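A.B. asks: got a predicted structure plus its sequence, pasted below:
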Amino acid sequence: MAEKQDYYELLGVARDVDAEALKKAFRKKAMQLHPDRNADPDAEEQFKAVNEAYAVLSDPEKRARYDRFGHDAPGGFGGGQGPFGFDPDTVRDVFGGDLFEQLFGAFFRGGRARHGRDLQVPMTVTLDEVARGGDRSVTFTRRGACDTCDGSGAAPGTRPVRCDTCGGMGQVRVRAGFVAMLQACPDCRGQGTRITSPCPACRGAGQVSEEVTLKVPVPPGIATGHKLRLDGEGHAGQDAGLAGDLYVQIEVEPHPFFERRGDDLVCEVPISFPQAALGATIEVPTLDGKARVKVPSGTQSGKTLRLRGKGLPLVRGRGAGDQLVKLQIETPQNLTAKQRELLEAFEDTLEADEGATAAAPRRKGFLEKLKELFD
Ligand SMILES: [Zn+2]
Ligand SMILES: [Zn+2]
């Protein structure tokens with residue numbers, strides 16, 4: 001276990017600090033570290049530690065023992081009420097009623113803060129957006145805190161009153177046979193408070209359905225199935241609970257030309273038989289517009305040309321993938337009489353021995369093997 005930090009150090013005060021300065025230091029630290037205000041995952045632990053420190057140092061008897069024995073004082077410092085070893089009034093005194101409710105209400109009512117649920121919304125982006133990144137807006141509906149009552153559920157000008165059944169603790173002791181156990185109070189359903197005049201806007205729920213439009217930064221290189229998380233933009237929490245998170249699930253729209261393969265883009269480009277044989281400069285689509293690409297003479301169908309850096313940006317780090325241009329030779333069809341004549345003349349040249357070896361080596365080899373096998 002890690003060494004326990006000194007209580008004075010935790011609160012950032014000198015050992016001879018007076019009660020007033022101690023109170024001030026605690027107030028500042030607690031506000032800063034409160035889990036509702038501080039997203040740092042360590043904040044909650046520190047918040048608890050700071051509270052424990054104040055619980056000891058604000059009590060003259062405990063402080064004297066701490067000064068003398070440190071953390072290992074005989075008998076320890078426990079035994080106080082409430083979650084941090086001091087009673088609610090000590091803390092109420094530091095923060096005043098409203099702020100106390102807001103910061104500590106949930107803790108002292110037995111930690112019933114209910115966090116809001118996470119929410120997931122789909123978002124379709126184009127391949128161009130994947131290439132460039134940028135902001136998109138997304139509109140969705142969530143449970144938000146009611147503005148009229150500030151989420152309390154009580155009509156403006158009224159406050160929830162303490163539940164008499166459980167004395168505000170939210171729990172009642174019930175007997176089951178010989179055993180006594182604690183159960184959520186049936187009258188306030190564990191809230192510790194009851195609403196006598198419900199807020200008209202939310203009918204006492206403290207939450208309303210709200211439509212929100214948020215700006216979502218789309219990082220370059222994002223892919224289908226990626227999720228972007230927006231902290232605290234999910235459903236609202238209740239009783240000082242944190243709001244849930246919003247997850248934006250990405251779906252990349254199909255593109256008329258490009259198929260994505262990781263960070264590379266693949267496109268198929270048809271070329272004519274003479275272009276493949278003679279070589280040509282052709283136009284191909286890229287995400288930056290049209291580009292001119294040289295097709296070498298004697299290109300076979302299925303050959304892939306690589307355009308370096310013309311693919312998609314890498315999600316992490318610098319650089320980009322490539323664009324792969326897959327050449328498909330289109331066999332001429334529906335020939336005119338003239339075209340037929342020209343092709344027949346061309347084919348005749350391949351029949352002659354000397355033409356065939358150079359112009360169509362694969363077919364030449366194939367025919368020879370065929371001959372060996374069957375003749
Ligand atoms: Zn309301
Ligand atoms: Zn109750």
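C.D. replies: On my side now, so go ahead. Numbers count the residues shown, from 1 in each chain. Ligands and ions are numbered 1, 2, ... in the order given.

A.B. asks: break this structure down into its domains, please.
C.D. replies: By the assignment in automatic domain parsing, the chain contains the domains 7-108, 113-151+202-254, 255-331, 337-375.

A.B. asks: per-residue confidence averaged over the third one?
C.D. replies: If I follow you right, that is domain 255-331. Domain 255-331 carries an average pLDDT of 93.

A.B. asks: what does the last one give?
C.D. replies: The predicted model assigns domain 337-375 a mean pLDDT of 83.

A.B. asks: now do it: distance to the chain's middle.
C.D. replies: 62 Å (CA atoms, centre = their mean, to the nearest Å).

A.B. asks: tell me how far the ends of it are from each other?
C.D. replies: 36 Å (CA to CA, to the nearest Å).

A.B. asks: list the buried residues of it.
C.D. replies: Along domain 337-375, these residues count as buried under the neighbour rule (16 or more other CB atoms under 10 Å): residue 364. For glycine as for every other residue, the C-beta is placed from the backbone atoms N, C-alpha and C.

A.B. asks: coming back round to it: could the domains of the chain go into CSV alongside distance to residue 186?
C.D. replies: CSV is the format used below for the domains of the chain (distance: least, CB to CB, whole Å):
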stretch, distance to residue 186
domain 7-108, 20
domain 113-151+202-254, 17
domain 255-331, 52
domain 337-375, 86
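
A.B. asks: which stretch among these comes nearest ligand 2?
C.D. replies: Nearest to ligand 2 among these is domain 113-151+202-254; the distance by CB to the ion comes to 13.2 Å.

A.B. asks: gap between the residue in the stretch 201-350 of the chain positioned nearest to ligand 1 and residue 281?
C.D. replies: As assessed by CB to the ion, ligand 1 sits closest to residue 202 within the stretch 201-350 of the chain, at 3.3 Å. According to CB to CB, to the nearest Å, residue 202 stands 68 Å off from residue 281.

A.B. asks: again, but for residue 31
C.D. replies: 68 Å.

A.B. asks: more neighbours: these two, which one.
C.D. replies: Between residue 31 and residue 281, residue 31 has the larger neighbour count (other CB atoms under 10 Å), namely 14 against 9.

A.B. asks: pretty sure the more buried one belongs to a helix, no?
C.D. replies: Yes - counting by DSSP: H, G, I helix; E, B strand; the rest coil, residue 31 falls inside a helix.

A.B. asks: so who does residue 39 touch?
C.D. replies: Residue 39 is in contact with residue 231, counting by CB atoms under 8 Å, 6 or more residues apart in numbering.

A.B. asks: can you list contacts of stretch 280-300?
C.D. replies: By CB under 8 Å, 6+ apart, stretch 280-300 touches 127-128, 131, 257-258, 265, 267, 269, 271, 275-279, 305, 307, 310, 312, 323, 325, 327, 329.

A.B. asks: now the buried members of these.
C.D. replies: 127, 131, 258, 265, 267, 269, 271, 275-276, 305, 307, 310, 312, 323, 325, 327, 329.

A.B. asks: quick check: the residue nearest to the spatial centre of the chain vs residue 140, distance?
C.D. replies: Nearest to the mean C-alpha position of the chain, by CA atoms, centre = their mean, lies residue 229 at 1.7 Å. From residue 229 over to residue 140 the distance is 14 Å, taken as CB to CB.
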